[in-house]
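curious how this folds, go ahead:
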Amino acid sequence: MRAARALLQIDQRQLAELSGLSLPTIQRMEASGAVIRGNIESLTKLIAALHDAGIELIGEGAASQGGGRGVRLTGRGA
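The predicted structure follows:
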């Protein structure tokens, strides 16, 4: 999440607004470590907001230079 926010140059409050989630929810998600914890609805809102802003989430083992998880800009964002 931090990497995605850094690519978008937004803070936690702005991500909360984009996703329709509360700031404490975003803070808890970021604090949860390697595996983001949250209910399905919150996770879906977060992923949709990141996608709409132009972020591509890269899954474990998906095509990426290092072979790990990550994020990259898609060029679609606002």
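
dump the C-alpha coordinates for the longest helix along the chain into CSV.
In the chain, taking DSSP state H as the definition, the longest helix is helix 40-52. Taking C-alpha atoms only, helix 40-52 is exported to CSV below (Å, rounded to 0.1, in the frame of the first residue of the first chain):
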residue,chain,number,x,y,z
ILE,A,40,-13.8,-8.4,1.7
GLU,A,41,-15.8,-5.2,1.0
SER,A,42,-13.0,-2.9,2.3
LEU,A,43,-10.3,-4.8,0.3
THR,A,44,-12.5,-4.7,-2.8
LYS,A,45,-12.9,-0.9,-2.4
LEU,A,46,-9.2,-0.4,-1.9
ILE,A,47,-8.2,-2.5,-4.9
ALA,A,48,-10.8,-0.7,-7.1
ALA,A,49,-9.6,2.7,-6.0
LEU,A,50,-5.9,1.8,-6.7
HIS,A,51,-6.8,0.3,-10.1
ASP,A,52,-8.9,3.4,-11.0
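
by contact count, what packs against it?
helix 12-19, helix 23-31, strand 55-58 (3 or more C-beta pairs under 8 Å, 6 or more residues apart in numbering; DSSP states H and E). Heads up, the C-betas are built off the backbone N, CA and C, glycines and all.

that one: which residues count as buried?
42, 45-46, 49-50 (16 or more other C-beta atoms under 10 Å).

ranking the helices and strands packed on helix 40-52 by mean pLDDT, which is last?
When these are compared on mean pLDDT, strand 55-58 scores lowest, with a mean of 84.
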